[in-house]
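**Q** Okay, here's the prediction I keep looking at, along with the sequence it came from:
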Amino acid sequence: MKHHSKRYEACFKSFNRLKHYPLSEAIQLLSQFAKTKFDETVSLDFQLGIRPDQSNELVRGTVALPHGTGKKVRVLCFVKGEAQKAASDAQADYVGADDLINKINGGWLEFDAIVAHPDMMRDISKLGKVLGPRGLMPSPKTGTVTADVAKAIREIKAGRVEFKSDKTGGLHVRCGKRSFTSAALFENAKIAVKAIVDAKPQSSKGDFIRRAYLAASGSPGIRLKSAAMGVYEN
């Protein structure tokens with residue numbers, strides 16, 4: 001049985017765990033929780049009404065958060081030739097081709113996101129077993145495989161995040177830090193929720209968002225009203 005800290009237990013008892021809160025109210029509740037010694041990451045956690053074993057019902061996409069994530073994102077760019085300078089100018093942390101592939105094959109994973117030029121994908125495919133399970137494999141669907149690597153790098157650095165449903169139909173997307181103002185968290189979260197709702201597969205029937213929570217990494221989750229009830233309206 002997992003034992004939580006006294007701070008966590010106090011937060012847990014400070015709100016009605018059975019109530020479904022509007023997004024703005026949930027953010028205000030979260031701001032009143034006692035803080036941890038670190039700046040907690042705030043995320044939205046969903047249970048989706050999809051069939052996760054059906055490939056046409058997987059939910060995947062990106063969303064640009066207006067206030068960023070509060071986290072410094074280390075971006076690796078797979079690119080050759082003259083485009084390497086454009087990637088470096090866009091502030092990619094690591095730029096290369098076969099050298100980086102060999103480094104990753106050797107166990108190095110000191111980066112948070114990957115952007116790749118389409119010409120590199122055949123070579124990068126050999127890293128599928130390493131990058132895939134970690135959610136790091138670049139994809140045209142999320143804009144991380146593109147000829148304009150500089151644009152993709154700048155967007156990721158500015159606060160673009162990826163989201164992807166898992167094998168249980170769950171989906172998690174970070175939307176900021178506890179140190180953000182309530183207004184900034186609300187704007188980020190509102191846009192993130194809308195992106196998830198807009199990504200509903202056409203083949204998905206019934207309630208798309210079955211459950212939704214707002215949570216900080218060291219605090220209990222606060223249950224949100226469903227999208228149909230206006231989760232991002234106030």
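**A** Thanks, I have the structure now. Residues are numbered from 1 along each chain as shown.
**Q** and the residue nearest in space to the middle of the chain, what element?
**A** The chain has residue 173 as the residue nearest its centroid, 3.6 Å off, counting by Cα atoms, centre = their mean. Assigned by DSSP states H and E, residue 173 belongs to strand 170-177.
**Q** partners of that strand, with directions?
**A** strand 41-48 (antiparallel) (DSSP bridges).
**Q** ok, residue 166 - contacts?
**A** Neighbour list for residue 166: residue 52 [criterion: Cβ atoms under 8 Å, 6 or more residues apart in numbering]. Heads up, the C-betas are built off the backbone N, CA and C, glycines and all.
**Q** in the chain, what spans have low per-residue confidence?
**A** Counting by pLDDT under 70, the chain contains low-confidence ranges at 1-3, 227-234.
**Q** can you give me the end-to-end distance of stretch 65-74?
**A** Stretch 65-74 has an end-to-end distance of 17 Å (Cα to Cα, to the nearest Å).
**Q** what does that stretch contact?
**A** So stretch 65-74 is in contact with 39, 41, 93-94, 110-113, 156-161, 174-177, 179-180, 184-185, 187-188, 191-192, going by Cβ under 8 Å, 6+ apart.
**Q** List the ones among the residues you listed that fall in strands.
**A** If you go by DSSP state E, those have 41, 94, 113, 160-161, 174-177 in strands.
**Q** which one of those is nearest residue 50?
**A** Distance to residue 50 across these (Cβ to Cβ) is lowest for residue 161, with 19.9 Å.
**Q** List the residues that contact the closest one.
**A** Residues near residue 161 by Cβ under 8 Å, 6+ apart: 62-63, 65, 69, 173-174, 192.
**Q** mind checking how far it is from residue 48?
**A** 17 Å (Cβ to Cβ, to the nearest Å).
**Q** Repeat that for residue 183.
**A** 28 Å.
**Q** So for the two, which residue has more residues nearby?
**A** Between residue 183 and residue 48, counted using other Cβ atoms under 10 Å, the more crowded position is residue 48 (26 against 11).
**Q** contacts for the strand holding residue 173?
**A** Residues contacting strand 170-177 (Cβ under 8 Å, 6+ apart): 39-48, 59, 63, 65, 67-71, 161, 163-165, 184-185, 188-189, 192, 196.
**Q** I only care about those that end up buried; give me the ChimeraX line for that.
**A** This is the ChimeraX syntax for the buried subset of these, where burial follows 16 or more other Cβ atoms under 10 Å:
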select :39,40,41,42,43,44,45,46,48,59,63,65,67,68,69,70,161,163,164,165,184,185,188,189,192,196
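**Q** Tell me, how many residues neighbour residue 100?
**A** Residue 100: 21 neighbours (other Cβ under 10 Å).
**Q** where exactly do the helices run in the protein?
**A** Applying DSSP state H to the chain gives helices spanning 6-12, 23-32, 83-89, 98-105, 121-124, 128-131, 149-158, 182-198.
**Q** which of these sits most buried?
**A** The highest average neighbour count among the helices of the chain, using mean count of other Cβ atoms under 10 Å, belongs to helix 149-158 at a mean of 21.
**Q** Nearest to residue 14 among the contacts of residue 161?
**A** Residue 14 lies nearest to residue 174 out of those, by Cβ to Cβ, at 23.1 Å.
**Q** Next up, the contacts around the closest residue in space to the closest one that isn't next to it in sequence.
**A** In this structure, residue 174 finds its nearest non-sequential neighbour in residue 43, 4.7 Å apart by Cβ to Cβ, 6 or more residues apart in numbering. Going by Cβ under 8 Å, 6+ apart, residue 43 touches 172-175, 214-217.
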